[in-house]
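Chemist: Sequence and predicted structure below; questions after.
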Amino acid sequence: MANPKRKLSRASKGHRRAHLALDRLQLVRCAHCSTMIRPHTICANCGYYRTKQVVVASSPN
Ligand SMILES: [Zn+2]
């Protein structure tokens, strides 16, 4: 099997992984009920997308 020629140092590994962090989740306020939702999605709290109700909101309990 093909193998790496030499051991990768901890520093090299760290430098490569410096760019692997996940982005923070972007949230906007729902225009209808003001809960924080992900943009361009139907609000899970009230079932509205922008100005219209598109689904009947499911109650969390
Ligand atoms: Zn809403």
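Modeler: Ah, there it is. Source: prediction; values computed, not measured.

Chemist: what does the protein put close to the ion?
Modeler: C30, H32, C33, C43, N45, C46 (C-beta under 5 Å from the ion). Placement of C-beta: from N, CA and C, glycine included.

Chemist: could these go into JSON lines alongside neighbour count?
Modeler: Compiled in JSON lines, these are given as follows (neighbours: other C-beta atoms under 10 Å):
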{"residue": "C30", "neighbour count": "19"}
{"residue": "H32", "neighbour count": "16"}
{"residue": "C33", "neighbour count": "13"}
{"residue": "C43", "neighbour count": "23"}
{"residue": "N45", "neighbour count": "17"}
{"residue": "C46", "neighbour count": "18"}
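
Chemist: of all those residues, which two lie farthest apart?
Modeler: Across the residues of the chain next to the ion, no pair lies farther apart than H32 and N45, at 8.6 Å, counting by C-beta to C-beta.

Chemist: Report the strands that pair with the helix or strand of the chain with the lowest mean pLDDT, each with its relative direction.
Modeler: Lowest by mean pLDDT, DSSP states H and E among the helices and strands of the chain is strand 52-53, with a mean of 86. Strand pairing for strand 52-53, using DSSP bridges, gives strand 48-49 (antiparallel).

Chemist: Leaving out sequence neighbours, find the closest residue to the residue nearest the centre of the chain.
Modeler: When C-alpha atoms, centre = their mean is applied to the chain, the residue found nearest the centroid is L25 (4.3 Å). Counting by C-beta to C-beta, 6 or more residues apart in numbering, R38 is the residue found nearest to L25 once chain neighbours are left out, at 7.0 Å.

Chemist: List the residues that contact the one you found.
Modeler: By C-beta atoms under 8 Å, 6 or more residues apart in numbering, the residues touching R38 are L25, Q26, L27, V28.

Chemist: Please narrow these to those residing in strands.
Modeler: V28 (DSSP state E).

Chemist: quick check, nearest of the contacts of R38 to V55?
Modeler: Nearest to V55 out of those is V28 (C-beta to C-beta; 18.4 Å).

Chemist: For the spatially closest residue to the closest one that is not a sequence neighbour, report the pLDDT, please.
Modeler: Spatial nearest neighbour of V28, excluding adjacent residues (C-beta to C-beta, 6+ apart): P39 at 4.9 Å. Predicted confidence (pLDDT) for P39: 95.
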